[in-house]
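**Student:** 3D, please:
(3 chains)
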Amino acid sequence: MTQHQLTENGQLKHFLTIEGLKRDLLVEIMDRAEQFSSITGRQVKKVPLLRGKTIMNLFFENSTRTRTTFELAAKRLSADVMNLNINTSSTSKGESLLDTLHNLQAMHTDMFVVRHNQSGAAEFIAQHVAPHISVINAGDGCHAHPTQAMLDMFTIRRHKEHFPNLCVAIVGDVLHSRVARSQIHALATLGVGEIRIIGPKTLLPRDCQTLGVHVYHDLKSGLKDVDVVMTLRLQFERMQGALIPSSNEYYANYGLTDDTLAYAKPDAIVMHPGPINRGVEIASSVADGEQSVILEQVTHGIAIRMAVMSMALGSQSTQQESSS
Amino acid sequence: MTQHQLTENGQLKHFLTIEGLKRDLLVEIMDRAEQFSSITGRQVKKVPLLRGKTIMNLFFENSTRTRTTFELAAKRLSADVMNLNINTSSTSKGESLLDTLHNLQAMHTDMFVVRHNQSGAAEFIAQHVAPHISVINAGDGCHAHPTQAMLDMFTIRRHKEHFPNLCVAIVGDVLHSRVARSQIHALATLGVGEIRIIGPKTLLPRDCQTLGVHVYHDLKSGLKDVDVVMTLRLQFERMQGALIPSSNEYYANYGLTDDTLAYAKPDAIVMHPGPINRGVEIASSVADGEQSVILEQVTHGIAIRMAVMSMALGSQSTQQESSS
Amino acid sequence: MTQHQLTENGQLKHFLTIEGLKRDLLVEIMDRAEQFSSITGRQVKKVPLLRGKTIMNLFFENSTRTRTTFELAAKRLSADVMNLNINTSSTSKGESLLDTLHNLQAMHTDMFVVRHNQSGAAEFIAQHVAPHISVINAGDGCHAHPTQAMLDMFTIRRHKEHFPNLCVAIVGDVLHSRVARSQIHALATLGVGEIRIIGPKTLLPRDCQTLGVHVYHDLKSGLKDVDVVMTLRLQFERMQGALIPSSNEYYANYGLTDDTLAYAKPDAIVMHPGPINRGVEIASSVADGEQSVILEQVTHGIAIRMAVMSMALGSQSTQQESSS
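**Tutor:** Just a heads-up that it's a prediction; the model follows:
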């Protein structure tokens, strides 16, 4: 799968999954984001890097927040952005989805940002678009959400010195979470000392061992002495599936509160991909507390997306220049 | 309330209500709009004043016209604009509205333009956003619609010489109108000689006296010798509440027709915030007649919004520059 | 009708229909598009030609594809674009539609791009807007779709040498197709040697003779030795009206397959305005085959729309400059 994402020179072409990417590339994304991070605080937040490029947000699944950050990232790079909310039902036949894609790419589009409720959708699209087009995965089913994972890594790096020295815990519905899957791959690739996943058996993957993580079903034991607590959003549809008795019981057992957070290191940071369910995954006092970096994550999301977009289109233009 | 809107140096920070603002500031807004007014007629209607700024239109209540004018104003100032139609139901809990806001401001947003069906919403938001963010009220419940009032004042100033010499009548549902409330505050602040409100008892506020206005229940008497007739839009939901017998009866008593307009001064101008209900508040012959300045109001709405946006963000940037 | 579309100097002002336009003007549009065509393949696809111009997409009928190409064309000309999806029901009274238009034009709009399900809507709007505004017809009822016809002509010119030498066949529901009407006018104006229309009697216009076309009810005879096959999209609502027995039967008689295409010249090109119904109007092997130029049409659509937009607004600015 790695080859699909990189050019022959090893530069980023698509950004579909963290899995299989090298540590150096992840560091390059974060270093690039660091530069853009200073830009977003400036008076004029725009750079002309992608002027004249056309980026299409293809959202088959609704997500105002993620779409907004991608749109803002594109605009701050001076690209032209088009938002297309594609009704899944009208493109339920694979063939007709491809026709839509081929039409959109015929408009000299440079990049598709894809959000889809089916795992593998971004990968499928990347395989079927013309060679000059980059595809960014903005979340596909339970599979991957690589820009979310990278903004999380970037946020950790801003607060903690050295990945190998860290112990990081991911709490919640790891089994169904594309965020968690991408986080685990990113943490592992960056050489994090210890990765823990914490949750009830029904919400943890069975192949935990192969992921190289430590599994905890008890929150307090799992949080013991960790440097980073990454909470996950509880998908309420899981409860209908009887995987979770109730949100109250979930909170009682796995909600991050002042009491449970006290088991982590005193300078541990608390993260959440948003939007948060207060009193379900996390207590308000923790979400708004001093150890929370949840809103920083949102801010860094723009810089990370600017980095990924400019790298993917930058590598492309180098290719085109050399071939023309 | 004034303090919330101004910086320590007395410059515009938020624009939430006309109430409490000084005459000089209202004049400054109109003078600034005068400059932008010449721009909108030029071949290239853009100025780079807000390049790199991010403005978010937060419309909790639908309004294509108002959103369009704010979006156009922002684009002509070269800002990046994002339109977010926020479903009130999904943010019905105050806490979750704040989470949405905090997330949006974490994206390095510079300004929120807020439209909401609850009075005080823009004020509430202004109190809870970070210090670097400006909030513009684009209409909140029955409370205020300050940019509408300022474009009305600007339109009057274009046609009439001196506010203190004027007699201005506001006709219709003053009680439930945020437009009327803001108009009355603006007219009073600018020192208009006489302000009249005209309508049935059920549609006029009970505290009329404290507003410093003259009350008329008879249209002809109320229009006698006025310089400006400001008609209001009839909200049809009022009729269901039995405050108005029928739109026909309303028109018979309070509709502005050639006959009733003849009671005003011969050079009186006719205004309406739009969209107009022809044959309800106003006869087509009057709406399209020589004394009507209704479409001028729309045009001036862009210049006024450019003025308010650039002043609010301009005062901010001065602050930031001096502090950095 | 021609006069409505041209300035006194014979330059394009509106673009409402091909009917009545001179050959030279159609050639000028294609020549201009040729220039833009090279731009869209460049690294930076933008030109500052319409910077500061405001273009409003008024779509009374939904069409993501056409709206997207107009929006892209406008953005690549550096114009500001506003998308307004106007609910036909709220503007069902002609008067209130005019009020909406007058309001939008009061915002210093320069161009309306209009899509409407009623024939004549764009023409109606062009007659009622202020003199400084250009109107582009993006499809009105069964009447015309002139930019589609011009991108088709442009695509033909890219592949075939000389219009007078060509034999062109249009296959399908010509009767209800605004695309076909505009294509026939454009082909005739450009002096195409022979124009054929092919379809069942229920789907061909009765006044075929006056159109100067040859009529075929048998697909194979109609395709014999043609240079260009233009297939039309089958509107499924026609089947409910019992004009077509079933899509299977339509395909059996009028579907373009490898077998039927073999009757055309070996180097014939195959076109379709999209979106295609595979296995109804056209076999997948033909749509994706070597003779298909369907996706080229999409690409050329942007250049053609850039050409028309810049010509319409260019002629305007010349006017304004000379009058000021």
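**Student:** What segments of chain A are helices?
**Tutor:** For chain A, applying DSSP state H gives helices covering A:2-5, A:23-40, A:64-76, A:94-105, A:121-128, A:146-159, A:178-189, A:219-223, A:237-240, A:247-254, A:258-261, A:284-287, A:294-323.
**Student:** so which of these comes closest to C:Lys201?
**Tutor:** helix A:94-105 (30.5 Å; CB to CB). (Each C-beta comes from the backbone N, C-alpha and C, glycine too.)
**Student:** From the rest of the structure, what touches the closest one?
**Tutor:** For helix A:94-105, the surrounding residues in contact (CB atoms under 8 Å, 6 or more residues apart in numbering or on different chains) are A:56, A:58, A:84, A:86, A:90-91, A:112, A:125, A:128-130, A:133, C:65, C:68, C:274-276, C:278, C:284, C:295, C:298.
**Student:** do the same with stretch A:66-79
**Tutor:** A:36, A:39-40, A:45-55, A:57, A:59, A:81, A:83, A:110-111, A:113, A:115, A:136, A:138-139, A:298, A:301-302, A:305-306, A:309-310, B:52, B:54, B:80, B:82, B:84, B:104, B:107.
**Student:** which of those are buried?
**Tutor:** For these, a burial check counting by 16 or more other CB atoms under 10 Å in any protein chain shown picks out A:36, A:39-40, A:45-47, A:49-50, A:52-55, A:57, A:59, A:81, A:83, A:110-111, A:113, A:115, A:136, A:138-139, A:298, A:301-302, A:305-306, A:309-310, B:52, B:54, B:80, B:82, B:104, B:107.
**Student:** Mean pLDDT lowest where, among the helices of chain A?
**Tutor:** Among the helices of chain A, helix A:237-240 has the lowest mean pLDDT, at a mean of 64.
**Student:** Any chance of the helices of chain A in TSV with distance to B:Glu161 as columns?
**Tutor:** Below are the helices of chain A laid out as TSV (distance: least, CB to CB, whole Å):
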stretch	distance to B:Glu161
helix A:2-5	69
helix A:23-40	48
helix A:64-76	44
helix A:94-105	57
helix A:121-128	64
helix A:146-159	58
helix A:178-189	64
helix A:219-223	73
helix A:237-240	66
helix A:247-254	66
helix A:258-261	66
helix A:284-287	57
helix A:294-323	50
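**Student:** thinking A:Ala312 is in contact with A:Ile136, fair?
**Tutor:** Yes - using CB atoms under 8 Å, A:Ala312 is in contact with A:Ile136, at 6.7 Å.
**Student:** How about stretch A:270-279 and chain B, any contact?
**Tutor:** Yes - applying CB under 8 Å from any CB of the partner chain, one finds stretch A:270-279 in contact with chain B at A:274-276, A:278.
**Student:** Check the average confidence over that stretch, would you?
**Tutor:** 93.
**Student:** Buried residues, it. List them.
**Tutor:** A:270-274, A:276-278.
**Student:** Show me the domain layout of chain A.
**Tutor:** A:2-144+A:299-323, A:146-294 (automatic domain parsing).
**Student:** Tell me how far the closest residue to A:Leu16 other than its chain neighbours lies from B:Thr66.
**Tutor:** Nearest non-adjacent residue to A:Leu16, counting by CB to CB, 6 or more residues apart in numbering or on different chains: A:Asn137, 4.6 Å away. Taking CB to CB, to the nearest Å as the measure, A:Asn137 falls 37 Å from B:Thr66.
**Student:** These two: which is more packed in?
**Tutor:** A:Asn137 (31 against 23; other CB atoms under 10 Å in any protein chain shown).
**Student:** mind listing what the most centrally placed residue in chain A touches?
**Tutor:** Geometric centre of chain A, nearest residue: A:Gln148, 1.9 Å, by CA atoms, centre = their mean. Applying CB under 8 Å, 6+ apart to A:Gln148 gives the contacts A:139, A:179, A:182-183, A:273, A:301.
**Student:** run the last query once more with 7 Å
**Tutor:** A:179, A:182, A:273 (CB atoms under 7 Å, 6 or more residues apart in numbering or on different chains).
**Student:** how close does the first one get to chain C?
**Tutor:** Spelled out, it's A:Val179. 30 Å (CB to the nearest CB, to the nearest Å).
**Student:** Looking at chain A, what residue ends up closest to chain C?
**Tutor:** A:Gly52 (3.2 Å; CB to the nearest CB).
**Student:** what's next to stretch A:179-194, contact-wise?
**Tutor:** By CB under 7 Å, 6+ apart, stretch A:179-194 touches A:17-19, A:21, A:23, A:26, A:143-146, A:148-150, A:152-153, A:163-168, A:170, A:174, A:195, A:211-214, A:230, A:232, A:273.
**Student:** Touching both of A:Ala312 and A:Ile136, which residues are there?
**Tutor:** Common neighbours of A:Ala312 and A:Ile136 (CB under 7 Å, 6+ apart) are A:15, A:111.
**Student:** Quick one, grab the pLDDT at the closest residue to A:Ser310 other than its chain neighbours.
**Tutor:** Nearest in space to A:Ser310, with sequence neighbours left out and distances taken as CB to CB, 6+ apart, is A:Leu49 at 5.2 Å. What the model reports for A:Leu49 is a pLDDT of 94.
**Student:** And A:Leu49, how far from A:Lys75?
**Tutor:** 12 Å.
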